[in-house]
Structure formats: C-alpha cells, structure tokens
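Peer 1: I'll drop the sequence and a predicted model, then ask my questions.
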Amino acid sequence: MALIKSIKGVFPKHGANCYFAENSTLVGDVEMGDECSVWFNAVVRGDVNSIKMGNKVNVQDGAVIHCTYQKTKTVIGDNVSIGHNAIVHGCTLHNNVLVGMGAIVMDNCVVGSNSIIAAGAVLLENTVVEAGSIYAGVPAKFVKKVDQKLIEGEINRIANNYLMYSSWLKEE
C-alpha cells in the first residue's frame, strides 16, 4: 500500500480509478482527478504548498512532484505523463503534456498544452513553453512544433498505456 500522509490535518485526495504503487508516496495538500497513477518510488509531496492534478495523469517510477514554500504551487492538467525520474517543481503543466524521463521543470515554468519536454531537458525557472512545442537540452530550448502525429503517437499513447498498465496491477 502506498505511503499516504497528512500534513497539518490535510490528506491527499484523489478521484475514481486511481492506482498508487506500494512504495509510492503522497503527502499533504495533493488533489488529483480520475484515472491517475503514481508509480514505484514516485513522490508527490504537497507539504509546503499545494499540488493539483487533473484526470489521467501518470507519475512514473522515481519521479518527484513538489513545490516551494509560500511561493509556488504545482498545477498539472489532464492527460499528462511525467516520465521516470523527472522532477516537476512549483510549475504549471497544461493539458496533454509529456515530460520526458529525467527532465526537470523548475519553479514558475508554464508548459502549454500539447507540448513535449524531452528526456533529460532542464526547463530553467520562469520558462514559458508555448502550446504545441518541443523543448530539449540543458538549458531547454525550443526545438520544433508538435504535429498531430506526435500528439497521438506519443502524448496520448503514453497516457493511455499507463492507464492500461495500472489496470494490470489492480487485477493482481
């Protein structure tokens, strides 16, 4: 069973059909919608500020979602995949976003809908990613626009696959 802890009497909340791996951690002021999943060794820590997630968000193995005390909240839209070992900190991710494996999204970043943050990319503080963009590198920079093929073939495919994977584990 996942480690789910309150902070100052505030417990994490979630919608229907969510999956939390046995060694995932959810702490404090965390709200997530339906069909979300938090995978092995992932941490969603709403201890110093709030974390709000929409529907069908998957937080993959080893990822960390956090925020900054009295400064930045984390807001995540619908249909978002946060890759293995990624860090999402005090930022806003709109709908249909893929944050690649090992990527870092820092405080006050805003990632527009239908965007991809490449594996290993580092979005420096206050970066604004225009909707439909791919950013890569350290520090991350605009690479190209996302076409419909990438939205379907990557952003939607990964989010849908994680919903399927979580159903396998719920069957056990």
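Peer 2: Structure received.

Peer 1: assign residue 62 to helix, strand or coil.
Peer 2: coil (DSSP: H, G, I helix; E, B strand; the rest coil).

Peer 1: who does the longest strand along the chain pair up with?
Peer 2: If you go by DSSP state E, the chain has its longest strand at strand 43-53. Strand pairing for strand 43-53, determined by DSSP bridges: strand 25-32 (parallel), strand 64-66 (parallel), strand 74-76 (parallel).

Peer 1: got those strands as JSON lines, with mean pLDDT and mean neighbour count columns?
Peer 2: For glycine as for every other residue, the C-beta is placed from the backbone atoms N, C-alpha and C. Shown next, in JSON lines, are the strands paired with strand 43-53 (pLDDT from 0 to 100; neighbours: other CB atoms under 10 Å):
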{"stretch": "strand 25-32", "mean pLDDT": "98", "mean neighbour count": "21"}
{"stretch": "strand 64-66", "mean pLDDT": "98", "mean neighbour count": "22"}
{"stretch": "strand 74-76", "mean pLDDT": "98", "mean neighbour count": "23"}
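
Peer 1: same list (the ones you listed) but as CSV, adding distance to residue 146.
Peer 2: Shown next, in CSV, are those (distance: least, CB to CB, whole Å):
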stretch, distance to residue 146
strand 25-32, 25
strand 64-66, 23
strand 74-76, 18
